[in-house]
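Peer 1: Show me the folded form of this:
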Amino acid sequence: MIKVAVTGAMGKMGKEVTKLVLNSPDMKLVCAIDKFNVGEKVYNEVIVEDDIEKSIKLHKPDIAVDFTQPSCIFENAKIYLKNGVRPVIGTTGLSDIQIEELKKLSKENNTGCLIAPNFALGAVLMMMFAKTAAKYFNNAEIIELHHNQKKDAPSGTAIKTAKMMTSVNKNLKSGNIQDTELIEGSRGGVYEEDGKGLINIHSVRMPGFIASQEVIFGADGQTLTVRHDTINRECFMSGVKLGIEYIFEHNEFIFGLENIL
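Peer 2: Sure thing, here's the model as predicted:
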C-alpha cells in the first residue's frame, strides 16, 4: 500500500489527485495539506493540515503529490526530500538552479523525486513528437494557452518543450531577420541557452482554456503543427498515477514524465 500525502489538496488539481488516490486500491490518502479549510475533515475523514513538515512527520507518507504555487514549491520540495518523502511535483515555476539543487538533495537523501511540467500523456507525447520534428526543421515557435488564473508564464510545459527541441537543434530561427517590434513583446518571449536566443514562446491567458500548446514548424513550402489540448483536469491523473507508482519503486531524480514512459 502506497501512503500518499496531497499538498494543495483543496485546489482544483489537488481534488482530482485525492479522488485518484481514494479510488486506487494500492494507495491510501494519509494527509491532506492546504492553507484553506484547515481543521476540517475531508476525504474519508482526513483532516486538512497547513504545516507540511509536521504533517509528514506525523503521518509518514511514502509519496507527497504537490500541486501548489510557484512561490512555495521549491521550499516544499526541500522539506519532502530532507524528510525522506518522495515528491511527485506538478507545480511549475522552478528555475534550472532550483531543479539542480533538488536533484542534489534527492541523491544525498537517497530519495526519489519526480518533477513533471505536464502529467497529461498526450501532452508528453506532443513534446516528444516536437523533439523529433526539431531534428528536421530549422524554424519553430511555441504557442501555449492557459486559463487566466495561471501565475507563471511561459508554462513549464513550454519551457520543457523548448529544452527538448534545442537539445537536438540549436538553430530554430534559421534565416530570420532582426525583429523590429512596434509594440514590445509582440514576438513573445525568447528561450535562451548560453545567451543565444533559440526559440520564441508566446503565452495566452484567457478564460475558457485549461491548458493547450502548439508547436509550429516551418520550412520552404510547408508548415507542421503539433498540438495538444486539455479538455478537463482528469486527463492528468493517468500520468500522476504512473508517476506515483514509478517513484515509489525507484530512488531516482526524474525531470519530465517522458523519462518513465
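
Peer 1: So for the closest residue to residue 251 other than its chain neighbours, what's the pLDDT?
Peer 2: Spatially, and ignoring its direct neighbours in sequence, residue 251 is nearest to residue 112 (4.7 Å; C-beta to C-beta, 6 or more residues apart in numbering). (C-beta placed from N, C-alpha, C; glycine too.) Residue 112 is assigned 98 on the pLDDT scale.

Peer 1: State the distance from residue 112 to residue 30.
Peer 2: 18 Å (C-beta to C-beta, to the nearest Å).

Peer 1: what secondary structure does the residue most central in space within the chain sit in?
Peer 2: Note on the chain: the residue nearest the mean C-alpha position is residue 117, at 1.8 Å, using C-alpha atoms, centre = their mean. The assignment at residue 117 comes out as coil when based on DSSP: H, G, I helix; E, B strand; the rest coil.

Peer 1: For it, give me its contacts.
Peer 2: By C-beta atoms under 8 Å, 6 or more residues apart in numbering, the contact list for residue 117 reads 92, 155, 156, 157, 159, 160, 256.

Peer 1: can you check residue 93 too?
Peer 2: 69, 70, 71, 73, 151, 152, 156.

Peer 1: Grab the nearest non-local neighbour of the last one.
Peer 2: Among residues not flanking residue 156 along the chain, residue 92 sits closest, at 2.9 Å (C-beta to C-beta, 6+ apart).

Peer 1: Quick check, that neighbour in contact with residue 153.
Peer 2: No - taking contacts as C-beta atoms under 8 Å, residue 92 lies outside contact range of residue 153: 10.0 Å.

Peer 1: circling back: what are the neighbouring residues in contact with the nearest residue to the residue nearest to the centre of the chain once chain neighbours are set aside?
Peer 2: Spatial nearest neighbour of residue 117, excluding adjacent residues (C-beta to C-beta, 6+ apart): residue 156 at 3.4 Å. By C-beta under 8 Å, 6+ apart, residue 156 lies in contact with 92, 93, 94, 117, 118.

Peer 1: Against residue 4, how distant is residue 23?
Peer 2: 12 Å.

Peer 1: Contact partners for residue 135?
Peer 2: So residue 135 contacts 168, 169 (C-beta under 8 Å, 6+ apart).

Peer 1: What are the boundaries of the strands in the protein?
Peer 2: Assignment of strands within the chain using DSSP state E yields the ranges 2-7, 27-33, 41-42, 46-49, 63-66, 86-89, 113-115, 140-146, 189-193, 196-205, 211-219, 222-230, 253-255.

Peer 1: That concludes my questions; thank you for your assistance.
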